[in-house]
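Enquirer: A structural model of the following input is requested.
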Amino acid sequence: MARGQRKSIDEKIQQKQDLIKSIETRLDHERKELEDLLCEKQQQEVKSLNDFLKSSGLSVYEATEVLQQYLSGQYDATA
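Expert: Modelled structure (predicted):
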């Protein structure tokens, strides 16, 4: 049974280059989707925190002060 014509080394090189370019394009697309998802997650977390602050009546400044005091206490207790 006869086989098809063998590809030249140049054709094989071009095929591999095309494949690599295609994979790089796909990888870029996937990275962009990941970045978008991470941004969406961050926005949800910020909204959740903002909602909590509003419901508790604390300002961002007050919440920051409380957290700093809490963390100082944590460090003092472990020292």
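
Enquirer: make it CA atoms for all contacts and neighbour counts henceforth
Expert: Fine.

Enquirer: where do the helices sit along the chain?
Expert: 9-56, 60-78 (DSSP state H).

Enquirer: okay, now the unreliable bits of this structure?
Expert: Along the chain, the model assigns pLDDT under 70 to residues 1-4, 77-79.

Enquirer: possible to save the helices of the chain as TSV with mean neighbour count?
Expert: Below are the helices of the chain laid out as TSV (neighbours: other Cα atoms under 10 Å):
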stretch	mean neighbour count
helix 9-56	12
helix 60-78	11
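
Enquirer: how far does stretch 31-39 sit from its chain's centre?
Expert: 5 Å (Cα atoms, centre = their mean, to the nearest Å).

Enquirer: and what of stretch 8-24?
Expert: Stretch 8-24 sits 30 Å away from the centroid of its parent chain (Cα atoms, centre = their mean).

Enquirer: thank you, goodbye.
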